[in-house]
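Asks: any chance you could fold what I've pasted below:
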Amino acid sequence: AAISRFSALGFAGTSMADIADEAAMSRPALYQYFRNKGDIFVSAFVHLFEDQVERALLVLNEPGPVAEQLNGFLQRYEGDLWQRMATTMHSDEILSAKNADIVAAIDSVVMQLWDGMATYLARVAVGRSRAVVARRAAWIELLKFSPKGFKFDQPSVEVYRRRLSALAQSVAADIAAS
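Replies: Numbering: from 1, shown residues only. This next block holds a predicted model:
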């Protein structure tokens, strides 16, 4: 309910009453669970990231080629989040409404994502030599930071998803070659 309201009205334009109405509960009941709108914002977006991370990591355990697994991972985490932000005219405000609480909480969730990717890469690119470990670290860097650059020109969701697919194909080809 909170994500829906923040997406529709922006952080500044959303009130506790808006969230309570969307959640079909009273404002006093909402205050029993949350101190204020900022507290709800943190909780809602941490939950959103937890869900995206869980969905992305599940794809890595599905049967199929590495390229499909990596593409599914990127699409579920990066692509779905980009699509959600692209559908609201308040995305800049929402993304800039970060505070120390939300940054720390989301960083913790995102750490689980990259730990899961490290485990996956150790499974598909077996080895303990320095060279293999360095390759896996390089792949994680590509998967982690390339999507940020893909957003530079504010592409459409379709273009962004196509870029993610190309990244998945490139990393998968490098894994196969190693």
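Asks: alpha carbons only for contacts and neighbour counts from here, please
Replies: Will do.
Asks: which parts of stretch 84-104 are buried?
Replies: By 16 or more other C-alpha atoms under 10 Å, the buried positions in stretch 84-104 come out as 85, 86, 88, 90, 91, 94, 102.
Asks: kindly report the same for stretch 125-134.
Replies: 125, 133.
Asks: now the helices: where do they sit in the chain?
Replies: 2-13, 16-22, 27-33, 37-59, 66-74, 80-86, 91-96, 100-124, 130-150, 157-177 (DSSP state H).
Asks: which one of those helices is the most hemmed in?
Replies: helix 66-74 (a mean of 23; mean count of other C-alpha atoms under 10 Å).
Asks: please compute how far that helix lies from its chain's middle.
Replies: Centroid separation between helix 66-74 and its chain, computed with C-alpha atoms, centre = their mean, to the nearest Å, is 15 Å.
Asks: now what about stretch 63-74, what contacts it?
Replies: Applying C-alpha atoms under 8 Å, 6 or more residues apart in numbering, the external contacts of stretch 63-74 come out as 55-57, 59-62, 124, 143, 164-165, 167-169, 171-173.
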